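> got a sequence here, can you model it:
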Amino acid sequence: MRYETIDDMDLSGKTVLTRVDLNVPVKDGKVTDTTRIDRVIPTIRDLSAAGAKVVLLAHFGRPKGRVVPEMSLRQVVPALSEALGREVAFADGSYGQGVADLPADGVILFENVRFNPGEEADDEGFARRLASVGDVYCNDAFSAAHRAHATTHALARLLPSCAGRSMQAELHALQQALSDPKPPVAAVVGGAKVSTKLDLLSNLVGRVQHLIIGGGMANTFLAAQGIDVAASLCEHDLLDTARDIAAKAEAQGCTILLPRDVVTAPRLEADVETRTVRVEDVPDGWMILDAGPDSTVHAATVLDGCATLVWNGPMGAFEVPPFDAATTALARHAAERTKAGALISVAGGGDTVSALNHAGVADDITYVSTAGGAFLEWMEGKDLPGVAALMDR
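So this is what the prediction gives:
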């Protein structure tokens with residue numbers, strides 16, 4: 001995978017148009033989670049240190065090409081300035097205002113690029129308008145790389161282009177995990193429904209040696225084997241699809257691990273009565289809500305024999321204790337293996353990040369992606385327009 005990085009560019013005296021992800025949660029006009037802001041700070045600092053003016057391009061929400069005041073990026077400026085430790089200017093007028101007045105290493109944030117209909121249309125005219133302001137393009141928004149938009153795709157084709165530090169780290173991690181992994185490779189895939197991850201499962205069975213399936217989607221695979229999952233979440237219309245994926249896995253030499261015992265309850269509530277049973281013994285009217293301890297130990301034993309792990313989705317309904325036990329235990333085991341230098345672990349997806357934080361091990365995983373759709377599409381084996389544009393350059 002060949003692309004330019006900040007280190008490959010001559011940036012002194014240049015203006016760098018930098019696509020970042022500042023689509024952060026905001027309540028009452030204040031940012032409530034700065035994770036995505038923190039991820040772009042190293043890029044901004046390195047660009048400034050190289051003597052470049054930094055023009056930040058970002059989206060916020062889905063204004064659909066209209067100016068929506070409550071989706072203005074102005075409300076992100078205080079948190080961004082605090083994280084950077086210096087003032088960040090803001091241009092709320094035309095895309096270009098204020099750049100000339102910046103000092104040589106200054107930073108300015110342009111207004112929400114999705115206020116312009118040309119952004120989501122990947123309009124070359126809008127991209128050229130932005131390109132006229134800068135000398136170099138830097139993409140540090142992997143989370144938006146699966147969108148062929150003007151600031152992720154068209155703009156990269158108009159200026160000398162490079163990847164920012166966060167983008168560079170993400171691409172390196174994903175290459176380690178799937179493109180050129182150290183075998184054996186295991187994947188943990190969880191979540192509610194098989195239907196949302198058909199492409200992912202189909203791609204993984206040809207790339208990994210062990211596929212550990214958890215969450216509600218495991219119920220569909222169990223039902224496809226003729227097991228009565230009672231009142232559990234299950235896509236009964238996809239049983240043939242589950243069988244096809246299992247057959248493809250067998251043909252590719254990929255072992256699918258499904259729960260052997262499960263934690264069940266009559267309803268999804270905290271402090272409800274639970275029973276841990278073999279998968280063949282789910283009580284009538286009860287639901288499977290987590291993998292059982294035997295299944296968790298089995299999965300952990302598989303990880304002991306692997307060198308690489310890719311994780312997307314929880315093993316059970318981890319948001320409601322006690323149905324977080326399997327996810328937490330397996331996450332902590334993966335983290336221990338990673339800290340010992342025995343496992344390269346890459347995880348991503350909103351539920352996965354929440355689960356790892358819940359287990360207290362997010363900082364011990366090799367790389368945790370904050371991207372949602374882009375991470376999933378990469379795992380599905382799809383080309384990402386924003387990444388392809390950088391490599392084309």
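> got the buried residues for the strand or helix carrying A388?
For A388, the element it lies in under DSSP states H and E is helix 385-392. Residues 385-387, 389-391 are the ones in helix 385-392 that count as buried (16 or more other Cβ atoms under 10 Å). C-betas here are computed from N, CA, C, even on glycine.
> and for stretch 180-193?
Neighbour-count burial for stretch 180-193 [16+ other Cβ under 10 Å]: 181, 184-193.
> let's see the distance spanning it from one end to the other.
End-to-end distance for stretch 180-193: 28 Å, by Cα to Cα, to the nearest Å.
> where do the helices sit along the stretch 101-250 of the chain?
Taking DSSP state H, counting those that start in this stretch, the helices of the stretch 101-250 of the chain run over residues 117-120, 124-131, 165-174, 198-204, 215-224, 239-252.
> what's the least confident helix or strand in the chain by mean pLDDT in contact with?
Using mean pLDDT, DSSP states H and E, the weakest-scoring helix or strand in the chain turns out to be helix 373-379, at a mean of 87. Contacts to helix 373-379, defined as Cβ atoms under 8 Å, 6 or more residues apart in numbering, come from residues 142-146, 174, 178, 197, 200, 203-204, 310, 312, 348-349, 369, 384, 386.
> tell me how far that helix lies from the chain's centre.
Averaged C-alpha coordinates place helix 373-379 at 7 Å from its chain's average position (Cα atoms, centre = their mean, to the nearest Å).
> let me know the pLDDT of Q225.
Q225 is assigned 97 on the pLDDT scale.
> that one: neighbouring residues, count only.
13 (other Cβ atoms under 10 Å).
> from A218, how far out is it?
11 Å (Cβ to Cβ, to the nearest Å).
> what's the overlap in contacts for these two?
With Cβ under 8 Å, 6+ apart as the test, Q225 and A218 both reach L258.
> and stretch 10-30, which residues are buried?
Under the neighbour-count criterion of 16+ other Cβ under 10 Å, stretch 10-30 has 11, 14-24, 26 buried.
> what about that stretch, start to end distance?
The straight-line separation of the ends of stretch 10-30 (Cα to Cα) is 36 Å.
> how far off centre is that stretch?
Its chain's C-alpha centre and that of stretch 10-30 lie 19 Å apart, by Cα atoms, centre = their mean.
> and the least confident helix or strand of the chain, what's buried?
The neighbour-count check on helix 373-379 (16+ other Cβ under 10 Å) flags 374-379 as buried.
> how near is V272 to A300?
Taking Cβ to Cβ as the measure, V272 falls 26 Å from A300.
> who has more neighbours, these two?
Using other Cβ under 10 Å, the more surrounded residue of V272 and A300 is A300, with 17 against 13.
> so where's the stretch 251-393 of the chain uncertain?
Low-confidence segments of the stretch 251-393 of the chain (pLDDT under 70): 393.
> in it, which spans are strands?
Using DSSP state E, counting those that start in this stretch, the strands found in the stretch 251-393 of the chain span residues 255-257, 261-265, 275-278, 287-291, 308-312, 344-348, 367-369.
> buried deepest among the ones you listed, which one?
Of those, the one with the most neighbours on average (mean count of other Cβ atoms under 10 Å) is strand 287-291, at a mean of 28.
> output the contacting helices and strands for it.
helix 215-224, strand 261-265, helix 325-339 (3 or more Cβ pairs under 8 Å, 6 or more residues apart in numbering; DSSP states H and E).
> show me the chain divided up by domain.
Domain assignment for the chain, taken from automatic domain parsing, gives 6-167, 181-379.
> and the residue nearest to P103 when sequence neighbours are not counted, what does it touch?
Among residues not flanking P103 along the chain, K53 sits closest, at 7.8 Å (Cβ to Cβ, 6 or more residues apart in numbering). Neighbouring residues of K53 by Cβ under 8 Å, 6+ apart: 14-16, 99, 102-108.
> tell me the one of those nearest A247?
Using Cβ to Cβ, V16 comes nearest to A247 of the contacts of K53, at 50.2 Å.
> what's opposite the closest one in the beta bridge?
Beta-bridge pairing for V16 (DSSP bridges): V54, V136.
> residues near the closest residue to C162 other than its chain neighbours, how many?
Distances taken as Cβ to Cβ, 6+ apart put E4 closest to C162, at 4.1 Å, once the chain neighbours are dropped. Taking other Cβ under 10 Å as the criterion, the count of residues near E4 is 17.
> repeat that for D284.
By the criterion of other Cβ under 10 Å, D284 has 7 neighbours.
> now G206
G206 has 13 neighbouring residues, counting by other Cβ under 10 Å.
> contact partners for it?
248, 252, 254.
> highest neighbour count among those?
C254 (21 neighbours).
> what values do phi and psi take at the residue nearest to it when sequence neighbours are not counted?
In this structure, C254 finds its nearest non-sequential neighbour in V205, 4.5 Å apart by Cβ to Cβ, 6+ apart. Taking degrees, to the nearest 10, you get phi -60, psi -20 for the backbone angles of V205.
> and D240, what does it touch?
Contacts of D240 (Cβ under 8 Å, 6+ apart): A224.
> now it: how far from L356?
33 Å.
> now do R128
Taking Cβ to Cβ as the measure, R128 and L356 are separated by 42 Å.
> ok, these two, which is more surrounded?
Neighbours were counted for R128 and for L356 using other Cβ under 10 Å; L356 has more, 26 against 14.
> count of neighbours near the closest residue to the more buried one other than its chain neighbours?
Leaving out its chain neighbours, the residue that sits closest to L356 by Cβ to Cβ, 6+ apart is A362, at 4.2 Å. Look at A362: counted by other Cβ under 10 Å, it has 17 neighbours.
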